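> Fold the following, please.
(2 chains)
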2 protein chains.
Amino acid sequence: MSDKFSLKNAQAMDDADVLKNLRSRFNLPDGIVYLDGNSLGALPSSTAARINTVVEGEWGGDLIKSWNSHNWMNQPRVLGDKIAKIIGAAAGEVIACDSTSVNLFKVVAQAKSLRPNRTKILSEEGNFPTDLYVLQGLVKMLGDSASYATVPTAELMSAIDKDTAVVVLTHVNFKSGAIHDMAAISKHAHDMGALIVWDLCHSAGAVPLNLSADGADYAVGCGYKYLNGGPGSPAFLYVAKRHQTAATSPLTGWMGHANPFEFSEQYNPAGDIERNLCGSPVIIALAALDEGLKTFDGVDMADVREKSMALGTFFIELMEEKLGAYGFELACTKEASARGSQVSYSHEHGYAIMQALIDKGVIGDFRAPDIMRFGFAPLYIGYVDVWRSVEILKEIMDGDVWKNPAYATKSQVT
Amino acid sequence: MSDKFSLKNAQAMDDADVLKNLRSRFNLPDGIVYLDGNSLGALPSSTAARINTVVEGEWGGDLIKSWNSHNWMNQPRVLGDKIAKIIGAAAGEVIACDSTSVNLFKVVAQAKSLRPNRTKILSEEGNFPTDLYVLQGLVKMLGDSASYATVPTAELMSAIDKDTAVVVLTHVNFKSGAIHDMAAISKHAHDMGALIVWDLCHSAGAVPLNLSADGADYAVGCGYKYLNGGPGSPAFLYVAKRHQTAATSPLTGWMGHANPFEFSEQYNPAGDIERNLCGSPVIIALAALDEGLKTFDGVDMADVREKSMALGTFFIELMEEKLGAYGFELACTKEASARGSQVSYSHEHGYAIMQALIDKGVIGDFRAPDIMRFGFAPLYIGYVDVWRSVEILKEIMDGDVWKNPAYATKSQVT
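Below is the predicted model of the structure:
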């Protein structure tokens, strides 16, 4: 085995890592290699204390007054501005609220309303299912004025035509990790007169983004993956400044009103990003998201990206070197620049092997039918983690550990 | 002053209160009389520890595995079943998710889809604004197939006609506390061929409900008022068993899919209440809601109602006795059985007086233009609290304390 694949070399790479000190911003259990930050980000070390302050100090101590005195009312906007910095948007273009799915409904409906004479809402096969489901529900509701279409990725550009109202794409694919060229596709959509909505669930906090420069019209994203906001964290949505007063969210709740506490009976949307709010903000969950966002304080997303690519490449090289003949087929591109912060393999026994891995302390996940996903969150994953994960995988394969019948039962849902 | 209005009598009533021990289920700040549980319920004493377990033990310790091992995935349903017991619904008819506003959109859209040949979605003037806003947004989206109408409460029954698809009403009015006759209005709506949606925000946990027997088709409600789920807590929705597979929520997110982890590209709604879910459940906030619901463990809603009426009546009698000539005009019915768990007064200087009261430790709230609201959450408010609140209000009026210019500034938003 060459020195490149030694533990010593992995340790040397960790020592040289400019982001190595960020791991102390998280509480990770001992003995675990956590390669699932792309599904649920790790717990920031500050989150529990912050939530306790919000619960006992603010809610318990100051009760209803906290909406003002602790600025609860503005948390969706305050956090939106923090997310904006991470995704390359301007202040006032992002707001934290609701779930990704609900937010997608809001922004696609708005985008469609700006193209009333075009029917098609276009996405691609293999997009994350909830995105497709939301589009199906929206189109059903809009009746004859809208239609739903998906095409294979290779046909995407040609499918954007003069009847396309809105293109809805996920920037980094949830299974393959493939990255779309946001600037090129956005430009083509605009050239064809369509609007574009980007789902950033697997991008935000993992790859550098520049929504403004790359021409995104609308976007949505998730708080609980790379942003470390906790299970089911509030999501976010982005509306480019140029569209903010052109359309109204179909979910016209009081928090999106220009003056919610005037209690008028006629909806009058706020004149900015806040018109995209609906119900009352989930304060405790937003506090957790805020601590997640703080793990990015002072972090250069270019450094995150560089490390992310290096971790993935190291993993692929180790897999080739040590497990080249074990039936693992790379299910993502080898080209690091074309891949998000995850690596996927397909394997005939992928489900059982992943269960064995999890049982041995290497946590990745499985996506039907046969995809094993390994996520590398650069804020808390290092090269020794990568090295250990492949060592343990080799032990599982060499020892036929995965053949234990307990690992065949499909009880895992996420 | 008669003995009825003495502190000693208030203490005696507290001593005789069958619910008096429930106050220990809450952490209330010393020296505060909290009469705003109708806006934000008090902090249960178990909430902070439970959240800490979820954050540090479950999320931090077991990470992604917690979706299964700590039953995160089923929390919307588990909590829904607990809420069902409080609101007189059957197991499987309620689910905890999203905000009240988002849930209202979901259920009214479904109800409307079951009456495709009728256009009118009817509500009443004076309904809580977000309900009206949501209906306005929905109707705008549905185009010519739907129309929006509100009528004064007195004209409600006659306005339900052969073109009425859905009637949307709030059971207990947010300002006046007036209670609708759910059974009678539901029956009339059905007789006219319409469906009815009830908003239970000011009812759930405050008044006994029997959704099944009273004929409700759909309902929504809030987790952060009388249910003590915390600021911006997830809300709930109810769908009567008979309608559960008849219509689909327009917000077709993956959590409402029959098999979300099959990752099929075609939406296939769950065959039960779960089709009303959309995005990922907000686990930390749901844990707080669960602790809020536990404050109702072993509590008979008939006892809650009896105490609620008695507290409100005691307050009104004290106000008449001690502040009868100070310009306070009762803005709710004197008839306890026709009123929710709150008492409202209008006063020319209501805003400033309420700010002075809050400053002196009696927390109620103000609703434009001139309504002072006092909520009596029977689980943690007693007769001495009521007595003290009126004493302090009298001091504020007698001492012209409310004239302090600091109390005139409208900074309070909730």
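
> For the closest residue to A:Val18 other than its chain neighbours, give me the backbone phi and psi.
Using CB to CB, 6 or more residues apart in numbering or on different chains and skipping residues adjacent in sequence, the residue nearest A:Val18 is A:Asp303, 5.6 Å away. C-beta here means a position set from N, CA and C on the backbone, and glycine is covered the same way. Dihedral pair for A:Asp303: phi -70, psi -40, per degrees, to the nearest 10.

> repeat for A:Ser346
Taking degrees, to the nearest 10 as the convention, A:Ser346 sits at phi -100, psi 150.

> ok so, going back, the residue nearest to A:Val18: neighbouring residues, count only.
15 (other CB atoms under 10 Å in any protein chain shown).

> ok, it - contacts?
A:Asp303 sits next to A:18-19, A:378 when contact means CB atoms under 8 Å, 6 or more residues apart in numbering or on different chains.

> Buried ones among the residues you listed?
A:19, A:378 (16 or more other CB atoms under 10 Å in any protein chain shown).

> was I right about A:Ala377 contacting A:Gly340?
No - applying CB atoms under 8 Å as the test, A:Ala377 and A:Gly340 come out as separate, 11.2 Å apart.

> and for these two, which residues touch both?
A:38, A:206.

> sorry, back to before: with the contacts of A:Asp303 in mind, which one is nearest to chain B?
A:Pro378 (17.3 Å; CB to the nearest CB).

> Distance of A:Gly327 relative to A:Gly312?
Separation of A:Gly327 from A:Gly312 (CB to CB, to the nearest Å): 20 Å.

> Kindly report the same for A:Gly232.
27 Å.

> And for A:Asp131?
For A:Asp131, the distance to A:Gly312 - CB to CB - is 24 Å.

> So which bits of the one helix or strand A:Glu317 maps to are buried?
For A:Glu317, the element it lies in under DSSP states H and E is helix A:301-323. By 16+ other CB under 10 Å, the buried positions in helix A:301-323 come out as A:301, A:304-316, A:318-319, A:322-323.

> Equivalent analysis for stretch A:162-179, please.
Going by neighbour count (16+ other CB under 10 Å), the buried part of stretch A:162-179 is A:163-179.

> Just give me the neighbour total for the residue in the stretch 1-150 of chain A positioned nearest to chain B.
Among all residues of the stretch 1-150 of chain A, A:Ser99 sits closest to chain B, at 2.4 Å; criterion: CB to the nearest CB. A:Ser99 has 30 neighbours, counted by other CB under 10 Å.

> A:Phe263 too?
18.

> how far away is it from chain B?
Relative to chain B, A:Phe263 is positioned 5 Å away (CB to the nearest CB, to the nearest Å).

> Can you give me the end-to-end span of stretch A:178-186?
Distance across stretch A:178-186, first residue to last, is 17 Å (CA to CA, to the nearest Å).

> Could you give me the buried positions within that stretch?
A:178-180, A:182, A:185-186.

> same deal with stretch A:60-68?
A:60-67.

> and that stretch, how far from the chain's centre?
Remark: stretch A:60-68 is offset 32 Å from the chain centroid, using CA atoms, centre = their mean, to the nearest Å.

> And what about A:Ile121, helix, strand or coil?
Three-state assignment for A:Ile121 (DSSP: H, G, I helix; E, B strand; the rest coil): strand.

> The closest residue to it other than its chain neighbours: what's it in contact with?
Excluding the flanking residues, the one nearest A:Ile121 by CB to CB, 6+ apart is A:Val166, at 5.0 Å. Neighbouring residues of A:Val166 by CB under 8 Å, 6+ apart: A:108, A:111-112, A:115, A:120-122, A:194-197.

> Which strand or helix spans A:Val166?
strand A:164-170.

> Alpha carbons only: can I get that strand in CSV?
Below are the C-alpha coordinates for strand A:164-170, written out as CSV (Å, rounded to 0.1, in the frame of the first residue of the first chain):
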residue,chain,number,x,y,z
THR,A,164,-42.1,27.0,-20.5
ALA,A,165,-43.2,29.2,-17.6
VAL,A,166,-40.9,28.0,-14.9
VAL,A,167,-38.0,25.6,-14.7
VAL,A,168,-37.5,23.9,-11.3
LEU,A,169,-34.2,22.2,-10.6
THR,A,170,-32.2,21.0,-7.6
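
> in stretch A:347-362, what's buried?
Neighbour-count burial for stretch A:347-362 flags A:347, A:349-358, A:360, A:362 (criterion: 16+ other CB under 10 Å).

> Spell out which parts of the stretch 251-400 of chain A neighbour chain B.
A:251-257, A:260-267, A:278-286, A:288, A:358, A:363, A:365, A:367-368 (CB under 8 Å from any CB of the partner chain).

> Assumed A:Val197 was part of a strand.
Yes - according to three-state DSSP, A:Val197 belongs to a strand.

> rewinding a little: contacting residues for the closest residue to the residue of the stretch 1-150 of chain A closest to chain B other than its chain neighbours?
In this structure, A:Ser99 finds its nearest non-sequential neighbour in B:Gly279, 2.4 Å apart by CB to CB, 6+ apart. Shown in contact with B:Gly279 (CB under 8 Å, 6+ apart): A:98-102, A:130, A:232, A:235, B:98, B:253-255.

> Counting by contacts, list what the host helix or strand of A:Ala285 packs against.
If you go by DSSP H and E, A:Ala285 is part of helix A:283-294. Where contact means 3 or more CB pairs under 8 Å, 6 or more residues apart in numbering or on different chains; DSSP states H and E, helix A:283-294 is packed against strand A:43-44, helix A:47-52, helix A:75-87, helix B:283-294.
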